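Undergrad: predicted structure and sequence below. I'll ask about it afterward.
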Amino acid sequence: MTQPTAAQDRPPYRLDPAGGCPHADNARLLAQGAVTPVLLPGDVEGMAVLGHDALRDFLSHPDVAKGAQHFTALAEGRIPEGWPLRTFATVQGMTTADDADHRRLRSLVSKAFTPRRVEELRPRVQAVTAGLLDRLAAAAEAGGGVADLRRHYALPLPLGVICELLGVAEEHQERLHRLSSQVVATDIGPEQAVAANRELVELLAAITADKAGAPGDDLISGLLAARDEGGDRLSQPELIGTLVLLVIAGHETTLNLVTNAVRALCTHREQLDHVLAGRAGWADVVEETLRWDSPVSYFPFRYPTRDLVVDGTLVPKGTPVLAGYSAAGRDPKTHGPDADRFDVTRAPAAKHLSLGHGAHYCLGAPLARLEATLALEALFTRFPDLGLAVPEAELPRHSGFVGNSVGVLPVRLG
């Protein structure tokens, strides 16, 4: 029998806090195995699961937990307050809860994200998209024919929709995006990380306090009612933690998804032609983008509750493990020798893990798919000749190794 490989037998991959395109390094690491040791910021030792099958099994393994009490270095006091990834581990919400607590917290918001409820949002998303296309055209005219599609289109759509669902006034949206971007950044200093977390919590507490005085038909009002019912349905820290999750996950992933899809279509015009000619649908573009250029690259954290062998590699109990979604999407063992090729006609629809797997599968997946599909269809229907305004190689990458995208996407509308 083959003995499991200890993590220390393989040199760790040092994750660059500044981020960058992950795909070349992913391919090199995948060639060595489905699991790799990594060095997180501050030289904190962790591991990443990169292979599709290994990641699928790991995400649903009964001896893998999300609760921070299982993070050995954190429990032993070796993780400083300003560690840039600390919020991912310690925020009180469904992403750091297990079993009954996870089911309790998820149930409080799940009804708002069922496929039926999301489909009811279609007319609203279409109306928002139409207005944003007008704003994009105006920005291009003011910019000499060039506009940043990420800023003027890919961002305000999901941010506006999730804030509307939550009941957050438009005046808070830009600040929420700025703070949430800092909270999930991996290239941020300790003082800035602590300040951003504190400011975001204070802002959300103020928003909920205002909402308590004037409740409405929105998610925050529903969560406040659950908190105020008494019992153990929802504590105040869990309320704020749930809002942090909904704000961040509710727009950052879709922002990257739309940005990555537009960039892919602009640099693979033959794939765009397939869609415009009816040989593939806009939903196919969304799924292929999720696989080929996942909006999340390395997502923190999961922890084995005992020493675990994953695809032949020993992952010690209490190790912080990253889910390597961008690597799994291009795993040739699952997706074939052309896994690194963007192809919207893949049939049957390529399976991927970019929205998670198992009990923690992304609650907002139906909404993200609806928003991205409608956004792409409306954009290229109105501007079929839209193209990048600069060579793709010159596009600056999104900072940090959690999110996977570019920081700006200047385009000409044609």
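TA: Done, it's in.
Undergrad: can you map out the strands along this structure?
TA: Secondary structure of the chain (DSSP state E): strands located at 13-14, 35-40, 44-49, 64-65, 146-148, 298-304, 308-310, 313-315, 321-324, 387-388, 410-412.
Undergrad: list the strands paired with the fourth one, with their directions.
TA: Put plainly, it is strand 64-65. Applying DSSP bridges to the sheet, strand 64-65 is found paired with strand 298-304 (antiparallel).
Undergrad: now the partner strand: how far from the chain's centre is it?
TA: Relative to its parent chain, strand 298-304 has a centroid offset of 13 Å by CA atoms, centre = their mean, to the nearest Å.
Undergrad: give me the angle between that strand and strand 35-40.
TA: Angle, strand 298-304 to strand 35-40, by axes from the mean of the first three to the mean of the last three CA atoms, to 10 degrees: 110 degrees.
Undergrad: now do strand 298-304 against strand 44-49, angle only.
TA: Using the same axes, to 10 degrees: strand 298-304 against strand 44-49 is 100 degrees.
Undergrad: list the contacts of strand 298-304.
TA: 15, 22, 46, 48, 58-59, 63-67, 70-72, 85, 88-89, 315-326, 401-402 (CB atoms under 8 Å, 6 or more residues apart in numbering). The way it works is simple: take the backbone N, C-alpha and C, and place the C-beta from them, glycine included.
Undergrad: got it, and stretch 203-212?
TA: Contacts with stretch 203-212, where a contact means CB under 8 Å, 6+ apart, come from 167-169, 172, 175-176, 179, 218, 220-221, 223-224, 239-240, 243-244, 247.
Undergrad: run a quick neighbour tally on Thr259.
TA: Other residues near Thr259 come to 27 when the count uses other CB atoms under 10 Å.
Undergrad: again, but for Pro22
TA: Neighbours of Pro22 under the rule other CB under 10 Å: 23.
Undergrad: from what I see, it and Tyr325 are in contact.
TA: No: with contact defined as CB atoms under 8 Å, Pro22 and Tyr325 do not form a contacting pair (9.7 Å).
Undergrad: spit out the residues that contact these two alike.
TA: Taking CB under 8 Å, 6+ apart as the criterion, Pro22 and Tyr325 both touch 297-298.
Undergrad: pLDDT score for Ala350?
TA: Looking at Ala350, its pLDDT is 61.
Undergrad: same deal with Ala7?
TA: Reported pLDDT at Ala7 in the predicted model: 51.
Undergrad: likewise for Val247?
TA: Confidence at Val247, expressed as pLDDT, is 92.
Undergrad: start the count at 14 instead of 1 going forward.
TA: Understood, numbering begins at 14; the last thing we discussed is Val260.
Undergrad: does it really touch Ile175, like I thought?
TA: Yes: taking contacts as CB under 8 Å, Val260 lies within contact range of Ile175: 6.7 Å.
Undergrad: from Leu380, how far off is the residue positioned nearest the centre of the chain?
TA: Nearest to the mean C-alpha position of the chain, by CA atoms, centre = their mean, lies Thr266 at 3.7 Å. Using CB to CB, to the nearest Å, one obtains 10 Å as the distance from Thr266 to Leu380.
Undergrad: what of His115?
TA: Relative to Leu380, His115 is positioned 20 Å away (CB to CB).
Undergrad: Ala143 too?
TA: For Ala143, the distance to Leu380 - CB to CB - is 18 Å.
Undergrad: the more surrounded of these two?
TA: Leu380 (25 against 12).
Undergrad: how about the contacts made by the more buried one?
TA: Contacts of Leu380 (CB under 8 Å, 6+ apart): 126, 131, 134, 174-175, 263, 267.
Undergrad: cutoff 7 Å now
TA: By CB atoms under 7 Å, 6 or more residues apart in numbering, the contact list for Leu380 reads 126, 131.
Undergrad: just the one 4 residues further on next, same as before
TA: Going by CB under 7 Å, 6+ apart, Glu384 touches 138, 170-171, 174, 267.
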